[in-house]
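Engineer: Okay, here's the prediction I keep looking at, along with the sequence it came from:
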Amino acid sequence: MPDFPRSILAFQRQFADEAACASWLSAARWPEGFRCPACGHDRAWELGAKAWTYECAKCRRQTSVTAGTVMHGSKLPLTVWFWAAYLMATHSNGLSARQMWRQLGLGSYKSAWLLCAKLRRAMVNPARALLSGVVEIDETQVSYRTKDDPVTGGGGRSPDGKMQVAVAVEIVDEAPGRLRLGTIEDASSASLHPFIKANVAAGSTLKTDGWRAYLGVGGFNHEPHVVGAMAAHVVLPWVHRVISNLKTWALGVYHGLRRPHLQSYLDEFVFRFNRRRTPHAAFRTLLGIAVAIEPATYNMLIAPEAKG
C-alpha cells in the first residue's frame, strides 16, 4: 500500500491533482504491477482517450483504476473522493453529509450524501478477523430520529420507539481492543446468538450480564454475571463505556440516527473506534478497502430507507 500523508499540508501536496490520485489508486490496487481482472495478464497500455484506463495486451480488456470500486461510475473528480476520505477518516468525530457538502463545495446535498454513504460502506473489510479471547457482550437501544417514529420508547429491553443494537468489545490486557456492533430485531436468543457467532471466534470467553437470552450459545466459554447490587457498568465496564460513547457520538455528529441506515452508521463508529490510535492510517485503510469493495448505486444505498 502506498504511503499516506500525516498532515493536511502533506495531503495537499501529495494529492494535488487527478494524476496523483490515479497513481495512488493504481499502486493500491495493483501493488505488484498491473494484473488484468479478466485473464490475469501483467502487461497493458494506458489509453490516452480514456483517463486512467488500461487495455490488457493479451485479451484487450479495458480496466479503469476505479472499476469495481466504490468510486466506479462516479462523476466526481478523484480529488474530491480523496478529500472526502481524508476528512472522514481523520476528523475526530466524523462529518455529516451536510458538513461534507459545505466543506467540499459540492453541487447538491444528494451528491454529498451519496459520497458519504459509499465511503461508509467501504468501512467494513469483508476479510476482517473475528473477535477472540475475552469478549464483553451486551445490547442497548438507540432512539429514532425520524419524525414518523415514536419520540420515546419503553423502558428496559422494550423495543418500542427504539432500535436494538448488539455490542461486542474484545478485551486485551484489561483494556478494550476491537469492537463490533450490529442491528438486531430484539433482545432474544434468536437475535443475539447469530450476532455472537458472526462476530466472535469459537472458543472465546463471553462475559455477559444475567439476561437469559445469552444462555445456551454453543462453542464458547460463557461467564454470565447477574447484575444485582453491583451496577452493570461495573460488571461490564468497557461495553458500557462504548454504548455511552456511541450515543454521545450519534447525537453530536448526526443529531440522532435514522432507523433505515442504522447499520451503516454503526459501521462508521466501529471503523473509528478500531482505528482510534492511528487516525491518519485510517485514510489509507479506508481507500484501500474502497478499492476492494464492489460499487453500489444510489438506489441500492437508499433501498433500506424504502423498507423502513
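Structural biologist: Sure thing, it's come through. Numbers count the residues shown, from 1 in each chain.

Engineer: hey, where'd the strands end up in the protein?
Structural biologist: Counting by DSSP state E, the chain has strands at residues 44-46, 53-56, 62-64, 134-143, 162-172, 175-183, 205-209, 221-225.

Engineer: Of all these, which one is nearest S244?
Structural biologist: strand 134-143 (9.4 Å; CB to CB). Where C-beta positions appear, they are placed from N, C-alpha and C, glycine not excepted.

Engineer: Can you list the residue ranges for helices in the stretch 51-200 of the chain?
Structural biologist: For the stretch 51-200 of the chain, applying DSSP state H, counting those that start in this stretch gives helices covering 78-90, 97-104, 109-121, 189-199.

Engineer: I'd like a version of these in CSV, one that adds mean neighbour count and distance to R43 as further columns.
Structural biologist: Compiled in CSV, the helices of the stretch 51-200 of the chain are given as follows (neighbours: other CB atoms under 10 Å; distance: least, CB to CB, whole Å):
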stretch, mean neighbour count, distance to R43
helix 78-90, 21, 24
helix 97-104, 17, 37
helix 109-121, 20, 31
helix 189-199, 17, 41
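
Engineer: need these in a markdown table with mean pLDDT, can you?
Structural biologist: Below are the helices of the stretch 51-200 of the chain laid out as a markdown table (pLDDT from 0 to 100):
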| stretch | mean pLDDT |
| --- | --- |
| helix 78-90 | 91 |
| helix 97-104 | 92 |
| helix 109-121 | 89 |
| helix 189-199 | 97 |
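
Engineer: ok so, going back, so which of the strands of the chain gets nearest F271?
Structural biologist: strand 175-183 (9.5 Å).

Engineer: buried set for that closest one?
Structural biologist: Within strand 175-183, the residues scored as buried using 16 or more other CB atoms under 10 Å are P176, G177, R178, L179, R180, L181, G182.

Engineer: got a list of contacts for that strand?
Structural biologist: 131, 133, 163-171, 195, 198-200, 238, 241-242, 246, 262-263, 266-267, 269-270, 273-274 (CB atoms under 8 Å, 6 or more residues apart in numbering).

Engineer: Quick one: closest of the strands of the chain to L115.
Structural biologist: strand 62-64 (18.2 Å).

Engineer: Retrieve the pLDDT associated with Q164.
Structural biologist: Here, the pLDDT recorded for Q164 equals 92.

Engineer: Distance of it relative to E268?
Structural biologist: 18 Å (CB to CB, to the nearest Å).

Engineer: same question, F11
Structural biologist: Taking CB to CB as the measure, F11 falls 20 Å from E268.

Engineer: Compare the two and say which is more crowded by neighbours.
Structural biologist: E268 (22 against 19; other CB atoms under 10 Å).

Engineer: wait, doesn't that one sit right on M123?
Structural biologist: Yes - shown here, E268 and M123 form a contact pair, counting by CB atoms under 8 Å, at 5.7 Å.

Engineer: Show me the shaky parts of the stretch 151-300 of the chain.
Structural biologist: 151-161, 228-231, 279-280, 288-300 (pLDDT under 70).

Engineer: Flag the shaky bits of the stretch 1-150 of the chain, pLDDT-wise.
Structural biologist: 1-4, 144-150.

Engineer: Any idea how many residues pack against T63?
Structural biologist: T63 has 21 nearby residues by other CB under 10 Å.

Engineer: Which residue is the nearest non-sequential neighbour of it?
Structural biologist: With sequence-adjacent residues excluded and distances taken as CB to CB, 6 or more residues apart in numbering, T63 is closest to Y54, at 5.4 Å.

Engineer: mind checking which of the strands of the chain is nearest G256?
Structural biologist: strand 134-143 (6.5 Å).

Engineer: The closest one vs strand 205-209, what angle?
Structural biologist: 40 degrees (axes from the mean of the first three to the mean of the last three CA atoms, to 10 degrees).

Engineer: just to revisit the earlier point, need the strands of the chain in CSV (columns: distance to G252).
Structural biologist: Output for the strands of the chain, formatted as CSV (distance: least, CB to CB, whole Å):
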stretch, distance to G252
strand 44-46, 45
strand 53-56, 42
strand 62-64, 38
strand 134-143, 14
strand 162-172, 17
strand 175-183, 17
strand 205-209, 27
strand 221-225, 31
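
Engineer: nearest to C116, of those strands?
Structural biologist: Once the strands of the chain are compared by CB to CB, strand 175-183 is nearest, at 18.2 Å.

Engineer: Strand partners (parallel or antiparallel) of that closest one?
Structural biologist: strand 162-172 (antiparallel) (DSSP bridges).
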